[in-house]
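Engineer: Show me how the following folds:
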Amino acid sequence: MSVLIPDDILRASKMTEGELKLEIAIMLYQQGKISSGKVRAWTGLTVIEFQHQLALRGLCINYDIEDFQSDVKTLESMGLL
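Structural biologist: Alright, predicted model coming up:
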């Protein structure tokens, strides 16, 4: 599915197509609707670029206790912890 944004909306936003796409992607990420990987795949950002964009907006990476526990189990299974 593709979403078309009318040119007049893009002009009114005073953003480029890429900037608007990034804002939409970060908004969806912030709301927990898409993952950071999806944001990066859609926008073409690297991990560092994505983290920088979050920092510019005063946002943090969505990382909860379940993510932490999963990472600990993974590291333990790899013998790294």
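Engineer: Correct me if wrong: I5 contacts K21.
Structural biologist: No: counting by CB atoms under 8 Å, I5 does not reach K21; the two are 9.1 Å apart. Bear in mind the C-beta positions are built from the backbone N, C-alpha and C, glycine included.
Engineer: Look at those two and report which has more neighbours.
Structural biologist: Counted by other CB atoms under 10 Å, I5 and K21 do not tie: K21 has more neighbours, with 16 against 12.
Engineer: pretty sure that one is touching G44, no?
Structural biologist: No: judged on CB under 8 Å, K21 makes no contact with G44 at a distance of 9.5 Å.
Engineer: Overlap in contacts, these two.
Structural biologist: Counting by CB atoms under 8 Å, 6 or more residues apart in numbering, no residue touches both K21 and G44.
Engineer: Burial check on S13, number of neighbours?
Structural biologist: With other CB under 10 Å as criterion, S13 counts 13.
Engineer: Phi and psi next, for it.
Structural biologist: Per-residue torsions, S13: phi -70, psi -20 (degrees, to the nearest 10).
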